[in-house]
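Colleague: Sequence plus the predicted model coming up.
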Amino acid sequence: MPNVVVIGAQWGDEGKGRIVDLISEKVDIIARYQGGNNAGHTIVIGDEKVVLHHLPSGILREGKVSVIGNGVVIDPKVLLEEIRDLRAAGYKADCDNLKISDRAHVIMPYHKEIDKGREESNGNTKIGTTGRGIGPVYEDKAARRGIKVSDLIDTDALSQRLKDVLPDRNLYISKVLGKEPLNFENILEQYSIYGKELMEFTCDVSKLLNDSITEGKNILFEGAQGALLDIDFGTYPYVTSSSASSGGACTGTGVSPTRIDSVLGIAKAYTTRVGEGPFTSEISGDTEQRLRELGGEYGATTGRSRRCGWFDAFAIKYASMINGISYIALTKLDVLSGFEKINICTAYRYKGQVLSDYPSNNHMLSECEPVYKELEGWNEDISCAKDVTELPTQARRYLDAIEESTGVPLYAVSLGASREKILFLNEIF
Ligand code: IMP
């Protein structure tokens with residue numbers, strides 16, 4: 001088993017948690033490397049549904065070590081609740097199987113206040129964030145006024161950092177957003193308790209991961225969000241604030257590119273997007289509503305309706321180039337049963353011209369039109385197929401068209417939420 005990065009190849013919500021849960025059986029360590037509790041991974045085991053926001057999806061597998069890397073941003077209250085809930089549900093989450101980087105940055109109450117305050121006042125320039133404080137915490141990290149886990153677990157350091165940074169943030173909250181400033185003592189008291197509770201899990205994660213690779217252990221790097229929400233390569237400014245691309249696995253854990261072997265991209269058999277921003281293959285009306293209902297396309301984190309569209313091979317081709325995607329795991333193919341015609345977006349047209357490259361300019365992107373390849377749909381319920389040969393011809397043609405239009409081979413196709421509803425097309429692990 002190689003060291004592999006698993007990323008979302010679209011705008012998030014591709015079903016990464018489900019695939020990571022599956023592959024994690026074959027690895028020793030699962031490491032999350034970016035994002036925070038803006039993510040929501042839903043995993044179905046038997047009749048049970050588990051939603052994870054902070055913890056790597058591998059935490060549900062016995063005998064595996066789960067790691068939260070330095071590139072992740074942590075809301076300590078949410079993380080501690082998640083650990084408690086998981087334990088109550090009978091899963092193990094202790095200092096033996098959960099390791100948190102002491103270099104990760106902490107989401108503080110003022111980050112959430114600023115995120116929500118801005119979204120309320122932004123009007124037309126609203127991003128549609130999850131309101132979890134993600135943008136403001138990464139902003140503080142880059143502005144060198146962040147609070148790291150190593151500060152959180154040391155009350156003196158926390159007090160000093162908070163003294164240094166809170167006045168500035170409070171000024172912003174009161175003068176720019178017109179809201180009440182936050183109280184220093186209250187934050188210090190509450191967050192030093194969180195620090196004490198999290199202390200047992202913290203360590204130098206980069207050393208742990210590098211030593212483990214040297215010992216011959218293998219690692220699955222688990223991305224959150226998706227390639228098109230990446231801060232550098234996504235549909236900026238309608239993106240998240242971290243490196244959701246495969247490159248983020250290196251900067252977000254401290255493991256070098258030379259120690260990573262392959263990248264698995266997860267893509268839904270159609271496309272969804274939450275929040276604002278251009279979405280060229282978006283559809284509307286009854287077809288969209290049907291896709292949303294059949295696919296259960298409502299956010300695991302915020303409950304918002306997801307915007308739905310056809311599979312965008314042009315965007316995946318771009319994501320594949322940026323991320324070096326070796327294989328795609330395609331999820332939710334079963335949702336497309338019953339559609340008379342199914343489209344694949346193979347290119348974008350801008351002002352009458354078919355583009356050869358994915359645009360970097362948001363204004364241009366928002367004016368692009370999709371170029372579709374239309375395929376026949378199928379009516380059969382495919383959710384119980386045990387082999388790709390059991391799929392209707394039209395479904396197999398759809399899979400072939402996806403491979404052809406993206407230029408990336410398929411590793412697996414999932415046909416439902418439970419662990420066994422998956423077909424493997426290539427043996428790569
Ligand atoms: P933020 O990450 O909360 O700042 O939100 C920025 C954008 O990324 C918004 O459009 C969110 O809806 C989107 N986003 C953030 N996390 C996820 C995710 O896990 N799945 C899908 N969209 C996400």
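Modeller: Okay, I see it. Numbering: from 1, shown residues only.

Colleague: ok, which stretches of the stretch 301-429 of the chain are helices?
Modeller: Under the criterion DSSP state H, counting those that start in this stretch, the stretch 301-429 of the chain contains helices at 313-323, 362-366, 393-406.

Colleague: Packed most tightly, which of those helices would that be?
Modeller: helix 313-323 (a mean of 22; mean count of other Cβ atoms under 10 Å). The C-beta positions use only the backbone N, C-alpha and C, and glycine is treated the same way.

Colleague: pLDDT averaged over that one - what is it?
Modeller: Average pLDDT, helix 313-323: 98.

Colleague: Run through who's touching it.
Modeller: With Cβ atoms under 8 Å, 6 or more residues apart in numbering as the test, helix 313-323 has contacts from 5, 7, 9-10, 226-228, 230, 233, 245-247, 263, 265, 267, 271, 280-281, 325, 328, 344-348, 357-358, 371, 402, 405-408.

Colleague: Kindly report the residues of the stretch 251-400 of the chain close to the ligand.
Modeller: Taking Cβ under 6 Å from any ligand atom as the criterion, the neighbours of the ligand within the stretch 251-400 of the chain are 274-275.

Colleague: now the contacts of helix 313-323: which count as buried?
Modeller: Using 16 or more other Cβ atoms under 10 Å as the burial test, those include 5, 7, 9-10, 226-228, 230, 233, 245-247, 263, 265, 267, 271, 280-281, 325, 328, 344-348, 358, 371, 402, 405-406, 408 as buried.

Colleague: Among those residues, which lie within strands?
Modeller: In strands, defined here by DSSP state E, the members of the buried ones among the contacts of helix 313-323 are 5, 7, 263, 265, 267, 271, 328, 344-348, 371.

Colleague: pLDDT and distance to residue 188 for the residues you listed - can I get that in CSV?
Modeller: Output for these, formatted as CSV (pLDDT from 0 to 100; distance: Cβ to Cβ, whole Å):
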residue, pLDDT, distance to residue 188
5, 97, 38
7, 98, 37
263, 97, 42
265, 98, 43
267, 98, 44
271, 98, 45
328, 98, 47
344, 98, 54
345, 98, 51
346, 98, 56
347, 98, 55
348, 98, 51
371, 98, 57
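
Colleague: Straight-line length of stretch 30-47, end to end?
Modeller: Using Cα to Cα, to the nearest Å, the end-to-end distance of stretch 30-47 comes to 24 Å.

Colleague: got the buried residues for it?
Modeller: For stretch 30-47, by 16+ other Cβ under 10 Å, it's 30-44.

Colleague: do stretch 115-135 as well
Modeller: Using 16+ other Cβ under 10 Å as the test for burial, stretch 115-135 gives 115-119, 127-135.

Colleague: give me the residue from the stretch 1-150 of the chain nearest the ligand.
Modeller: In the stretch 1-150 of the chain, no residue comes nearer to the ligand than residue 12, which is 2.8 Å away by Cβ to the nearest ligand atom.
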